[in-house]
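S.K.: Got a predicted structure plus its sequence, pasted below:
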Amino acid sequence: MSATDVIKEIKDLSPSEQVEVIQFALKLARTRPLTATELTALTKRVIDTDDPAEAERLKTSIAQGFYSE
């Protein structure tokens, strides 16, 4: 089953079932370690940004993605 198929199935779920899917996806995103490619992209964004607040947010994302929860 492809991601497109999964998305179509989710759209057909009841609102309460969609909430369950969203909660699962958020938990998965918080606990899944980032790939080397994702970490590299975030690191490049830290280097390229001129906004200190954005740099800190990105550094936090890198740390969470590296160590996961």
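M.R.: Now that the structure is in, tell me what you want to look at.

S.K.: For this structure, give me the ranges with low pLDDT.
M.R.: 68-69 (pLDDT under 70).

S.K.: Show me it divided up by domain.
M.R.: Here the domain parsing of the chain from automatic domain parsing is 1-31, 34-69.

S.K.: Distance of Ser16 relative to Gln23?
M.R.: Distance, Ser16 to Gln23, by C-beta to C-beta, to the nearest Å: 11 Å. To be clear about C-beta, it is placed using only N, CA and C from the backbone, and glycine gets the same treatment.

S.K.: same question, Glu56
M.R.: Distance from Glu56 to Gln23, counting by C-beta to C-beta: 27 Å.

S.K.: just Ala29 next, same as before
M.R.: 11 Å.

S.K.: end-to-end on stretch 24-41?
M.R.: Stretch 24-41 has its terminal residues 25 Å apart, counting by C-alpha to C-alpha, to the nearest Å.

S.K.: How about the secondary structure of the residue nearest to the spatial centre of the chain?
M.R.: Ranked by distance to the mean C-alpha position of the chain (C-alpha atoms, centre = their mean), the top residue is Ala29 at 4.5 Å. State at Ala29, reduced to three classes by DSSP: H, G, I helix; E, B strand; the rest coil: helix.

S.K.: Dihedrals phi and psi, the residue with the largest distance to the centre of the chain?
M.R.: In the chain, Ser14 marks the outermost C-alpha relative to the chain mean, sitting 23.9 Å out by C-alpha atoms, centre = their mean. Dihedral angles of Ser14 (phi, psi; degrees, to the nearest 10) stand at phi -70, psi 160.

S.K.: Provide a list of residues in contact with it.
M.R.: Applying C-beta atoms under 8 Å, 6 or more residues apart in numbering to Ser14 gives no contacts.

S.K.: in stretch 23-42, what counts as buried?
M.R.: 34, 42 (16 or more other C-beta atoms under 10 Å).

S.K.: now that stretch, how far from the centre of its chain.
M.R.: For stretch 23-42, the gap between its own C-alpha mean and the chain's C-alpha mean amounts to 5 Å (C-alpha atoms, centre = their mean, to the nearest Å).

S.K.: Now do the end-to-end distance for that stretch.
M.R.: 24 Å.
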